[in-house]
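Q: Here you go, sequence then predicted model.
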Amino acid sequence: MNATGIPLKEPSVSAAAGATEQLERAYIDASTRVPVLMFYTSAMAWLILGTLLAGFVSFKLHAPDLLSNISFLTWGRMRPAHMNVMVYGWASMAGIGTAIWLMARLCRTVLRYPLLLVAAAGFWNLGVLLGVGGIVLGDSTGYQWLEFPGYAAIILFVAYTLVASWAVLMFRYRRGEQIYITQWYLLGAFLWFPWLYAAGQLMLFVVPVQGVLQSAVGWWYANNLLFLWFGAIALGTAYYMIPKVIGRPVYSYHLATIGFWSYALFSSWTGMQRLVDGPFPAWMITASIAAVILTMIPVATVGLNHHMTMQGYFPLMRYSPTLRFTVFGAMSYTVFSVVGLLISLRSVARYVSFTQASIAYSHLGLYAFFTMTIFGAMYYIVPRLIGREWRYASLIKLHFWASAYGIGLMTLMLLAGGFLQGADMENPTLPFSETVETVLPYLRGRSLAGILLTVSHFIFAYHFGLMLLGLGRTSTVPTFLNPVEAEEASGGH
Amino acid sequence: MKGLAPLFLGIFGTFAFSWVGLTVLPNWQIGHLNPQSDEEGTDIYPQPQSGMFERGARVYAANGCIYCHSQQVRADYAADDIERGWGNRRSAPRDYIFERPVFLGKMRMGQDIANIGARAPAEQASPAASGAAPATASSPATAAAASPATSPGSSPPAGAPSPGPKTGLASPSPAAANAMPGGATSASAGPQTAGPPWPIQTIGEPPMYSAAWHHVHLYSPRSINFDSNMPAYRFLYKKRRISDARSADALKLTGSDAPPEGWEVIPSYDAKCLVAYLMALNQSHPLKEAKSAGGAPPAAGSPAAPPSPAAAGSPAPAK
């Protein structure tokens, strides 16, 4: 691409696309159908399971006697089960599905080697199933975010290697010299994940590091999984969906470049701030806190870029489900990063580092930022795979509002509860049990938020199921959230 | 961006930079620590743990204790962990060199238990399972170091009018005393205001933090602390009919938790290992790099540091 131009051949004004190009695009979409739907359908199943587990975990936290006498339903097994189902089952699979589709579209070539991906989806499901089964049966490794026992981890890794090799192969078949912004992020995600996973597994299980370094490796892995895997996929998706839906190129290519490289450089150095004041050399934690502060550079550039792209087009969020979810996700990226910065500063971290605030942070990243963006992408992609449009605008609206209010309420509850819990804990005259009492009402509020999210996920799963069964609308116009004037519609899709 | 090579190199480079910086360098710095010993090569700390400890750690991992309990004490200038009585000094990397997995923890819905073994009654303070019992003879005992649980003025929970005869730590013992100068300090400093950091001794219960107490606590947390939020771990216990005599390790349960007449509740081997593990969690041994009982950050501290009344900012231990 040239120095001044904007590399937006692909996601640029689709209305101007010629008939050949439209046909070609439909052809590419059709070629991704089986693998992407396989990943999406599995992801939806894991999402529902993870949601049920989440509700159970949330209620058990303030009702500890609920079904506690059965070993595999004990809270300490259900919690990692929920977390791993969401991380490796739902988020990773939905992310891979989205990334596959985006890769095929942006490489402008039909999907090659679909069997590689079908096998990967199968292995991935098997890995998650064995891993969650292992956790429930008491085989957890005891490392947060890496609880899957070895036999599950190796299967996941095999599955993953298939996906990554597919991505590299696809790149070789790409047409055109340009590599669009989304592809940087996706290629990054596809390569970072296996390195990250392998590094984590090697340093914890194969040639384990000594003592506290296991925790350092664990949080290095967890944070990088959040940023370099989920974050990269979500940002890449947003860079595609926002310009695509509004039919306008990305505001600034230079900002995007700065954003990408500063993101890769700084966010990968975060993680140790979660161990603040722990038994570590202080420089490790300070380095991560500094990195967290520096992540404000990608936040500002990416945020500004998206904002300037959207400038004047925000009203389209009234109509396009994809845009609404994606913009919510993109805005949540800023919120997630700012909250992350806030709770990392030493003066704040001393209060909140052992409280629910860190759970709020993880949910902001994995749900408000990543999951909402992926929901948006699914609203865009699924109709193009199936050839039908979403059936009910009302269900999409319900899904959005239940998700948005659910995650908003959950974050507020956990943050507020966490800050109060932390303040109580730093008051040694207060018995410990009172610090727990303090946070319990907020945990009940969180359960309430969980109900909202459960409703939203069941609605989405039902709608998705209708689509899978071919019960979507047959129409040339996408499903808009609100009735739309004809000329506005043509600009949208 | 043109061409794959710069993109690939950048992606790899940023990753490698972070990997080297945050895992390889720290591993080079603190990844090969040895236990500490005195000049004669004795008084070695920490020491490798027993098989029961290892298995107990597996049970701890399997049942997700880490999601509510941390095992790290922060320095007194960073937080109030020591004042809360969770330890007498900050945790240091050396404390964990034999632990795998290491359970530092990120959440305190339950108490920090880095030193729960140090709270055991004297006769159990160095359980056979541990093998890591520190030789504490070099440190003079701090007197009146009864557990905060027995500090005057601590109000017993409902249903327990006064500390019972089994109040455990009433007699100061060198081991227990040395274990918890921090806790003792805060307790003796303000028994009227300072709440006990741990559940209060209830009448009729086994001595606090003894093995028997842990079993009852795991089996029925709310029988010991009414406000506890901990789930019960009854699946680690077996209820069985008493054949001829009551087993020695049968749980001493009261009230609604007690099994029917002629029955008893005994711990499974996993439960015994878990308790052996908990009883061995003890970071009270002095470390050169982590000054005990508050004060300045690591200095040339001597092993006899903990009872030092010179610790700035914290009240002198009661004599």
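A: Received it, and whenever you're ready, just let me know what you need.
Q: On the C-terminal side of the helix or strand harbouring A:Ala232, identify the next helix or strand.
A: Using DSSP states H and E, A:Ala232 sits within helix A:232-246. Later in the chain than helix A:232-246, the nearest helix or strand by DSSP H and E is helix A:253-262.
Q: does chain B sit close to that following helix?
A: Yes: using C-beta under 8 Å from any C-beta of the partner chain, helix A:253-262 reaches chain B at A:Thr257, A:Trp261. C-betas here are computed from N, CA, C, even on glycine.
Q: thinking B:Tyr237 is in contact with B:Pro267, fair?
A: Yes: counting by C-beta atoms under 8 Å, B:Tyr237 touches B:Pro267, with 5.6 Å between them.
Q: Quickly list what's touching both of those two.
A: B:His215, B:Leu251 (C-beta atoms under 8 Å, 6 or more residues apart in numbering or on different chains).
Q: Check whether the helix holding A:Ala232 comes into contact with chain B.
A: No: judged by C-beta under 8 Å from any C-beta, helix A:232-246 and chain B are separated, with a smallest distance of 9.6 Å.
Q: Hey, what's the angle from that helix to helix A:253-262? Just curious.
A: 160 degrees (axes from the mean of the first three to the mean of the last three C-alpha atoms, to 10 degrees).
Q: Does anything pack onto helix A:232-246? Which helices or strands?
A: helix A:92-107, helix A:181-201, helix A:296-310, helix A:321-344, helix A:372-386, helix A:486-492 (3 or more C-beta pairs under 8 Å, 6 or more residues apart in numbering or on different chains; DSSP states H and E).
Q: closest to B:Tyr45 out of these?
A: helix A:181-201 (30.1 Å; C-beta to C-beta).
Q: chain center to the helix or strand that that closest one is followed by, what's the gap?
A: Toward the C-terminus, helix A:181-201 is succeeded by helix A:213-224 as the next helix or strand (DSSP H and E). Its chain's average C-alpha position is 19 Å from that of helix A:213-224, according to C-alpha atoms, centre = their mean, to the nearest Å.
Q: Now do helix A:213-224, average pLDDT.
A: Helix A:213-224 carries an average pLDDT of 96.
Q: what's the answer for stretch A:192-203, then?
A: pLDDT averaged over stretch A:192-203 gives 95.
Q: Any buried residues in it, and which?
A: Using 16 or more other C-beta atoms under 10 Å in any protein chain shown as the test for burial, stretch A:192-203 gives A:Trp192, A:Phe193, A:Pro194, A:Trp195, A:Leu196, A:Tyr197, A:Ala199, A:Gly200, A:Gln201, A:Met203.
Q: what do you get for stretch A:286-295?
A: Neighbour-count burial for stretch A:286-295 flags A:Ala287, A:Ser288, A:Ile289, A:Ala290, A:Ala291, A:Val292, A:Leu294, A:Thr295 (criterion: 16+ other C-beta under 10 Å).
Q: Tell me if B:Lys238 really is in a strand.
A: Yes: assigned with DSSP: H, G, I helix; E, B strand; the rest coil, B:Lys238 falls within a strand.
Q: Could you check which helix or strand contains the closest residue to it other than its chain neighbours?
A: Once flanking residues are discounted, B:Lys238 sits nearest to B:Ile266: 5.5 Å by C-beta to C-beta, 6 or more residues apart in numbering or on different chains. Assigned by DSSP H and E, B:Ile266 falls within strand B:263-267.
Q: Okay, now the sheet partners of that strand, with direction.
A: Strand pairing for strand B:263-267, using DSSP bridges, gives strand B:237-241 (antiparallel).
Q: name the element B:Pro6 belongs to?
A: helix B:4-19.
Q: Now do that helix against helix A:213-224: the angle between them, please.
A: Using the same axes, to 10 degrees: helix B:4-19 against helix A:213-224 is 140 degrees.
Q: Check the average confidence over helix B:4-19, would you?
A: 93.
Q: If we ignore the residues flanking it in sequence, what's nearest B:Gly262?
A: The nearest residue in space to B:Gly262 (C-beta to C-beta, 6+ apart) is B:Ile242, at 5.7 Å.
Q: Could you give the number of residues near the one you found?
A: 14 (other C-beta atoms under 10 Å in any protein chain shown).
Q: Phi and psi next, for it.
A: Here is the backbone geometry of B:Ile242 (degrees, to the nearest 10): phi -70, psi 120.
Q: who's in contact with it?
A: Counting by C-beta under 8 Å, 6+ apart, B:Ile242 has contacts B:Gly262, B:Trp263, B:Glu264.
Q: ok, the residues you listed vs chain A, which is closest?
A: Nearest to chain A among the contacts of B:Ile242, counting by C-beta to the nearest C-beta, is B:Trp263 at 16.1 Å.
Q: now that closest one: how far from B:Pro206?
A: 19 Å (C-beta to C-beta, to the nearest Å).
Q: Check A:Ser475 too.
A: Counting by C-beta to C-beta - A:Ser475 and B:Pro206 are separated by 72 Å.
Q: out of these two, which sits in the busier spot?
A: B:Pro206 (21 against 11).
Q: Where does the more buried one sit, in terms of helix or strand?
A: Counting by DSSP H and E, no helix or strand carries B:Pro206.
Q: which residues does it contact?
A: With C-beta under 8 Å, 6+ apart, B:Pro206 has these contacts: B:Lys166, B:Ala212, B:Trp213, B:Val216, B:Lys252.
Q: Please produce JSON lines containing the buried residues of stretch A:286-295, extended by distance to chain B.
A: Putting the buried residues of stretch A:286-295 into JSON lines (distance: C-beta to the nearest C-beta, whole Å) gives the following:
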{"residue": "A:Ala287", "distance to chain B": "7"}
{"residue": "A:Ser288", "distance to chain B": "7"}
{"residue": "A:Ile289", "distance to chain B": "13"}
{"residue": "A:Ala290", "distance to chain B": "11"}
{"residue": "A:Ala291", "distance to chain B": "9"}
{"residue": "A:Val292", "distance to chain B": "13"}
{"residue": "A:Leu294", "distance to chain B": "13"}
{"residue": "A:Thr295", "distance to chain B": "13"}
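Q: would you turn those residues into TSV with pLDDT?
A: Below are the buried residues of stretch A:286-295 laid out as TSV (pLDDT from 0 to 100):
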residue	pLDDT
A:Ala287	96
A:Ser288	96
A:Ile289	96
A:Ala290	96
A:Ala291	97
A:Val292	96
A:Leu294	97
A:Thr295	96
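Q: Narrow these to those in helices?
A: A:Ala287, A:Ser288, A:Ile289, A:Ala290, A:Ala291, A:Val292, A:Leu294 (DSSP state H).
Q: could I get these as TSV with distance to A:Arg112?
A: Output for those, formatted as TSV (distance: C-beta to C-beta, whole Å):
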residue	distance to A:Arg112
A:Ala287	42
A:Ser288	40
A:Ile289	44
A:Ala290	43
A:Ala291	38
A:Val292	40
A:Leu294	39
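Q: closest to A:Gly450 among those?
A: Nearest to A:Gly450 among those is A:Val292, at 27.9 Å by C-beta to C-beta.
Q: ok, that closest one - contacts?
A: Applying C-beta under 8 Å, 6+ apart, the residues contacting A:Val292 are A:Thr270, A:Gln273, A:Gly340, A:Leu341, A:Ser344.
Q: Is the last one in contact with A:Val276, as I believe?
A: Yes: between A:Ser344 and A:Val276 a contact is recorded at 7.3 Å, counting by C-beta under 8 Å.
Q: tell me, what's touching these two both at once?
A: With C-beta under 8 Å, 6+ apart as the test, A:Ser344 and A:Val276 both reach A:Ile289.
Q: which stretches of the chain have low pLDDT?
A: I went with chain A, as the question did not name one. Within chain A, the stretches with pLDDT under 70 are A:1-17, A:484-493.
Q: think we crossed wires, I meant chain B
A: For chain B (pLDDT under 70), the answer is B:1-2, B:123-204, B:292-319.
Q: Please identify which residue in it comes closest to chain A.
A: As assessed by C-beta to the nearest C-beta, chain A sits closest to B:Gly64 within chain B, at 2.3 Å.
Q: Give the burial count for that residue, as a bare number.
A: The burial count for B:Gly64: 24, using other C-beta under 10 Å.
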